[in-house]
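Q: pasting the sequence and the predicted coordinates here, then a few questions.
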Amino acid sequence: MENGFFAMVSRMKYINRWALMRNEHSENLTEHSFEVSVIAHALAVIGNRRFGKSYNGERAALLGLYHDAPETLTGDMPTPVKYYSEEVRNAYKTVEEHACRNIISMLPDDLKDDFAPMFIPSPEDEELHKLVKAADKISALIKCIEEKKAGNSEFIKASEGLEKAVANLGIPEAEVFLKEFLPAYELTLDELKY
């Protein structure tokens, strides 16, 4: 439907993540995308300040905000299913690309060029997409920390896997975030305030 873009993106709040795992607190795509956006921006700032990069932090945040929007049409595919085999990964990628084009088609023609880059990766955003990918994994790691703090052992193995996955990305900005900022997620509110 033309002009249904924002209504469709708004439906992210109805898509829950971590469907195959018991959750103490359910997390929807809106919550996750906000966190990814904040972390992607932080990674860009870290890159600029500490590693002499010239990332556009605001653009990184925007890419993070929309990174899972196609899941309003596809749903959140559980990781073990999504990455089961190369054939499944390729099939899901095709479905996701179709969902992106479908969502963009919901915009009036004069706005499509402004929003399409949030859904269809462009070469000039390649480095920022790497930061968003790292932010996505860090956000998932934060979810694991929160679940473990709530006494949910279901997320122990996922946490270990995500720590390795972030390290394997080889993104120094992500390493800084893990070392300097991730430990604070283990703290209680009273500990954070001081």
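A: Nice, I can see it.
Q: distance-wise, check residue 164 relative to residue 53.
A: In this view, residue 164 and residue 53 are 24 Å apart by CB to CB, to the nearest Å. C-beta here means a position set from N, CA and C on the backbone, and glycine is covered the same way.
Q: when the two are compared, which one has more neighbours?
A: It is residue 53, of residue 164 and residue 53, that has more neighbours when counted by other CB atoms under 10 Å, with 16 against 10.
Q: point out where this protein drops to low pLDDT.
A: 1, 77-83, 194 (pLDDT under 70).
Q: tell me the centre residue of it?
A: residue 136 (3.2 Å; CA atoms, centre = their mean).
Q: in stretch 14-25, what counts as buried?
A: Residues of stretch 14-25 classed as buried by neighbour count (16 or more other CB atoms under 10 Å): 15, 17, 18, 23.
Q: ok so, going back, where's the residue nearest to the centre of the chain, which helix or strand?
A: Taking DSSP states H and E as the definition, residue 136 sits inside helix 126-149.
Q: elements contacting that helix?
A: helix 29-51, helix 57-66, helix 156-169, helix 172-180 (3 or more CB pairs under 8 Å, 6 or more residues apart in numbering; DSSP states H and E).
Q: output that helix as CSV, nothing but the C-alphas.
A: Extracted C-alpha coordinates of helix 126-149, given in CSV (Å, rounded to 0.1, in the frame of the first residue of the first chain):
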residue,chain,number,x,y,z
GLU,A,126,29.8,-0.4,3.8
GLU,A,127,31.9,0.6,6.8
LEU,A,128,28.8,1.8,8.7
HIS,A,129,27.0,-1.4,8.0
LYS,A,130,29.9,-3.2,9.7
LEU,A,131,29.4,-1.0,12.7
VAL,A,132,25.7,-1.8,12.7
LYS,A,133,26.4,-5.5,12.5
ALA,A,134,28.7,-5.2,15.5
ALA,A,135,26.1,-3.1,17.3
ASP,A,136,23.5,-5.8,16.6
LYS,A,137,25.6,-8.5,18.1
ILE,A,138,26.5,-6.3,21.1
SER,A,139,22.8,-5.6,21.7
ALA,A,140,22.2,-9.3,21.6
LEU,A,141,25.0,-9.8,24.1
ILE,A,142,23.4,-7.1,26.4
LYS,A,143,20.1,-9.1,26.2
CYS,A,144,22.0,-12.2,27.4
ILE,A,145,23.6,-10.3,30.3
GLU,A,146,20.1,-9.0,31.3
GLU,A,147,18.6,-12.4,31.2
LYS,A,148,21.5,-14.0,33.1
LYS,A,149,21.1,-11.2,35.8
